[in-house]
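[1] Quick one, what's the 3D model for this:
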Amino acid sequence: MPPAATSATTRAGRVRRPRRARRGSPSELGAKGARTEARILAVAETLFAERGYEGTSLREIARRAGLQQPGLYNYFESKQALYAAVLDRALGPMSEAMDRELADPAQPEQTSRLPGLMLSHLVEHPSMAALFQRALQGDPDAVGNRLVLEWLERLFAQGLATLERDREASVEPIDRVDLALRTIAMFNLTTGFVLAQRAFASMVGGDLLEPAVVERQKRLLDAMAVAGRAGTEGLKRNRR
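    Have a look, this model is predicted:
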C-alpha cells in the first residue's frame, strides 16, 4: 500500500488528497504561495506525462518552476506526494462531476452526456491521457502507475455505476459485460481524442483542443451515445 503521503482510497471509495509539507497554512502562504504551488503542479503534470514518474526528477521540476529544489519541499514533501497532488488536481473535479451525475435521479438519457462531461474535464488537463496510457501498459506495481490505477479504478467504477443505474431504470435487461464494454468505450473515446493531436494536425492542421473543435467532438460523442442506446434497444427487440 502507498504510504500516507500519497493518494489513498478510503472505505467510501473516495480518494484522499495527499498530505503536503508546508512551512505555513494555505492562508499563511497567501496568493503568491498559491500561484507558486499551481505553477509547480502545472510543470510537474507536463513532465510526468512526457517522461513518466521514474524519469522525472524533482530537480528538473523545481528548475522549470523557477525554484531551487529545497524550496519545492515547502509545498510537497516528496515526489510521490507531488505526483498524487497532480492527479488529485486533475481528476478530482472529474470524479466529483461523475458523482453528481450518479446522484441525479433524472431520466437515463442523461448518461448520453457522460462522455462529453468527461471530455470537458480532460481537456483542462490533457496530459492525464498520456499518464493513463503509461499506467495501463506499464508495470502495475510501479509507484507512479499504482497511483494512476487507483484513480482509474475509481473512475471506471463510477462510469459502470452510472450505466447500472440506467439498467435498473430500463425495461430491457442489459448484460454486465455490455456495461463494462460501454464504460471502456467512453474512456477510449475521450482519452483517444486528447491523444490524437498529431493525427488531427496532419489531416486538417490546427489545434485539436481549440474550444470550437472540442465542442464539435462533444456533439459527436452525444450523438454516438444516443445512437448506441437506440441500437442496443433495437437489437433486443429483434431477439424477441
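[2] Now for G138: which residues touch it?
    Contact partners of G138, counting by C-beta atoms under 8 Å, 6 or more residues apart in numbering, are 52, 145. The way it works is simple: take the backbone N, C-alpha and C, and place the C-beta from them, glycine included.
[3] hmm, try it at 10 Å
    52-54, 144-145, 148-149 (C-beta atoms under 10 Å, 6 or more residues apart in numbering).
[4] what are the phi and psi angles of it?
    Note on G138: its backbone torsions stand at phi -100, psi -170 [degrees, to the nearest 10].
[5] okay, it: pLDDT?
    pLDDT, G138: 90.
[6] So, low pLDDT: which residues of this structure?
    1-29, 104-112, 166-174, 228-240 (pLDDT under 70).
[7] can you pull out the strands in the protein?
    Ranges of strands in the chain, per DSSP state E: none exist.
[8] In this structure, which residue is most central in space?
    With distances taken as C-alpha atoms, centre = their mean, L91 lies nearest the centre of the chain, 4.3 Å away.
[9] hang on, it packs against A129?
    No: in this structure, L91 is not within contact of A129 by C-beta atoms under 10 Å, at 11.5 Å.
[10] Could you name every residue contacting both of the two?
    By C-beta under 10 Å, 6+ apart, L91 and A129 have these common neighbours: L122.
[11] follow-up on the earlier one: ok, now how distant is the residue nearest to the centre of the chain from V148?
    Applying C-beta to C-beta, to the nearest Å, the value for L91 to V148 is 9 Å.
[12] Same question for E60.
    20 Å.
[13] do the same with D141
    Shown here: D141 relative to V148, a distance of 12 Å by C-beta to C-beta.
[14] G138 now?
    Using C-beta to C-beta, we find G138 at a distance of 9 Å from V148.
[15] Mind listing the shared neighbours of these two?
    Common neighbours of G138 and V148 (C-beta under 10 Å, 6+ apart) are Y53.
[16] The closest residue to A180 other than its chain neighbours: how many residues sit nearby?
    In space, and not counting its chain neighbours, A180 is closest to L160: 6.5 Å by C-beta to C-beta, 6 or more residues apart in numbering. Around L160 there are 16 other residues, counting by other C-beta atoms under 10 Å.
[17] Same check on R100?
    Around R100 there are 10 residues (other C-beta under 10 Å).
[18] Pretty sure it sits against L114.
    No: between R100 and L114 there is no contact under C-beta under 10 Å: 11.3 Å.
[19] just the buried members of the contacts of G138?
    52-53, 144-145, 148-149 (16 or more other C-beta atoms under 10 Å).
[20] G71: what's it in contact with?
    Residues in contact with G71 (C-beta under 10 Å, 6+ apart) are 23, 36, 40, 62, 65.
[21] The same query, at a cut-off of 8 Å, please.
    Contacts of G71 (C-beta under 8 Å, 6+ apart): A62.
[22] quick one, helices of this protein?
    Ranges of helices in the chain, per DSSP state H, are 26-51, 58-64, 69-72, 79-103, 114-122, 127-137, 143-169, 176-195, 197-204, 211-239.
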